[in-house]
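J.: need coordinates for the below:
(chains A and B)
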2 protein chains.
Amino acid sequence: MSRWEPDARGRLEQAAAELFAERGFDQTTVADIAARAGLTERTFFRHFADKREVLFSGQDAFQDVVVGAVAAAPGTATALEAVAAGLDAAGNALQGRASLAPQRQVIIDAHPDLQERELIKLAKVGTAMAAALHERGVAEPAATLTADTGIAVLRVAFARWLDEGVARPLPEVMRETLGELAVLYEPVPAPARVSLP
Amino acid sequence: MSRWEPDARGRLEQAAAELFAERGFDQTTVADIAARAGLTERTFFRHFADKREVLFSGQDAFQDVVVGAVAAAPGTATALEAVAAGLDAAGNALQGRASLAPQRQVIIDAHPDLQERELIKLAKVGTAMAAALHERGVAEPAATLTADTGIAVLRVAFARWLDEGVARPLPEVMRETLGELAVLYEPVPAPARVSLP
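T.: Now for the predicted structure:
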């Protein structure tokens, strides 16, 4: 077998997705994935640290796309508008994974350690977005607040998109969710307001 | 040494805090902590799984206090007002740890695994707040959006409170930060609005 494997990474991802669907995540080994892809385990480990890594493939690229969109928003855009641009980019990037996303989510939901990993991954995107906002001249705490609430929107919109059977474009669900968050923070008309202790 | 140790847990926490400050977290062992507290390692392990656990002591109680406050908000309170009540409770609970908080944060900031643990802890509080909002009749996605953005406010306010040398009451910093988030989500006047691609 030649050392250079054309699209080895993509073939391993495809093989893993098939096997996770057929046998379940826990019942699939790295050896199984490599065999299905027609590659060696050694090749697998050149691309992924372990089988969990396959589920988080493309994470750095995803972060770069989102943060790049925040940075590239027009200079006149507010912090919120720059984050909205980041969410558009996130939606477009994840939309490309619509065929694998529901199956992947079933695996993640069944494994608390994978849920934690997903959470940490998203928190890192949030931190990177806050840094990009800072670069744009947004002061703290606005930068972190906008970025972190943007991640909350991303999580909620993504879950909603999956719940709806990935039927709508994800960027549309992102925008809708962002709009709903804005409504939550609208001031309540005075007569309805309840004063808290 | 008797099996029943009066306030063993509190003595171990105090001993750990002293040793972490004197020698650093990495240079402190469980044996050191137990010895300083005048207790055995066996007693330590009855209270904590490892020395990292000491830093996250009271986590379940904290979550109960915050979620309890959300649940106990007046029936007429909006989702945001109920979360604000939760943040007041969180602020009051953490205020009681003002003397140990800065030192603890230095340790956490130096250890990525502890940062992840802190993040996961807060995410769980967010999930529990969302469930409490749901119980109050708040529908999705409003429940999760309000709860998750509440956690963003908590994180930012806590960091700010530490940055300011814990000089102000934490509940005040929480309320201020929540107000700043509301401003971020205020509609921008039309002429200044930038349309995004």
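J.: show me where chain A has helices.
T.: Secondary structure of chain A (DSSP state H): helices at A:8-23, A:30-37, A:41-47, A:51-55, A:59-72, A:79-95, A:101-109, A:112-135, A:142-163, A:170-184.
J.: and the ones you listed as TSV, adding distance to chain B, mean neighbour count and mean pLDDT?
T.: Glycine gets a C-beta too; all of them are placed from N, C-alpha and C. What follows is the helices of chain A, written out as TSV (distance: least, Cβ to the nearest Cβ, whole Å; neighbours: other Cβ atoms under 10 Å in any protein chain shown; pLDDT from 0 to 100):
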stretch	distance to chain B	mean neighbour count	mean pLDDT
helix A:8-23	24	18	91
helix A:30-37	25	18	96
helix A:41-47	23	16	95
helix A:51-55	15	19	92
helix A:59-72	9	18	95
helix A:79-95	5	23	95
helix A:101-109	13	16	90
helix A:112-135	5	18	94
helix A:142-163	4	24	95
helix A:170-184	5	19	92
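J.: got CSV for these, with distance to B:Val156 too?
T.: Shown next, in CSV, are those (distance: least, Cβ to Cβ, whole Å):
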stretch, distance to B:Val156
helix A:8-23, 36
helix A:30-37, 41
helix A:41-47, 37
helix A:51-55, 30
helix A:59-72, 18
helix A:79-95, 13
helix A:101-109, 27
helix A:112-135, 10
helix A:142-163, 5
helix A:170-184, 16
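J.: for B:Asn92, which of those helices is the nearest?
T.: Nearest to B:Asn92 among those is helix A:142-163 (21.5 Å), distances taken as Cβ to Cβ.
J.: who does that closest one touch, helix- and strand-wise?
T.: With contacts taken as 3 or more Cβ pairs under 8 Å, 6 or more residues apart in numbering or on different chains; DSSP states H and E, helix A:142-163 sits against helix A:79-95, helix A:101-109, helix A:112-135, helix A:170-184, helix B:142-163, helix B:170-184.
J.: from the chain's centre, how far out does that helix sit?
T.: Centre-to-centre, helix A:142-163 and its host chain are 10 Å apart (Cα atoms, centre = their mean, to the nearest Å).
J.: between helix B:170-184 and that helix, find me the angle.
T.: Inter-element angle recorded for helix A:142-163 and helix B:170-184: 70 degrees (by axes from the mean of the first three to the mean of the last three Cα atoms, to 10 degrees).
J.: now helix A:142-163 against helix A:101-109, angle please.
T.: 110 degrees.
J.: got the angle for helix A:142-163 vs helix A:79-95?
T.: Using the same axes, to 10 degrees, one finds that helix A:142-163 and helix A:79-95 are set 30 degrees apart in direction.
J.: give me every residue that touches the residue nearest to A:Asp88 when sequence neighbours are not counted.
T.: Leaving aside its chain neighbours, A:Asp88 sits nearest to A:Pro171 (5.1 Å; criterion: Cβ to Cβ, 6 or more residues apart in numbering or on different chains). Contact analysis of A:Pro171 by Cβ atoms under 8 Å, 6 or more residues apart in numbering or on different chains lists A:Leu87, A:Asp88, A:Gly91, A:Asn92, A:Gln95.
J.: what's the closest of the helices of chain A to B:His47?
T.: Nearest of those (Cβ to Cβ): helix A:112-135, 23.7 Å.
J.: helices or strands up against that closest one?
T.: If contacts are counted by 3+ Cβ pairs under 8 Å, 6+ apart, helix A:112-135 sits against helix A:51-55, helix A:59-72, helix A:79-95, helix A:101-109, helix A:142-163, helix B:112-135.
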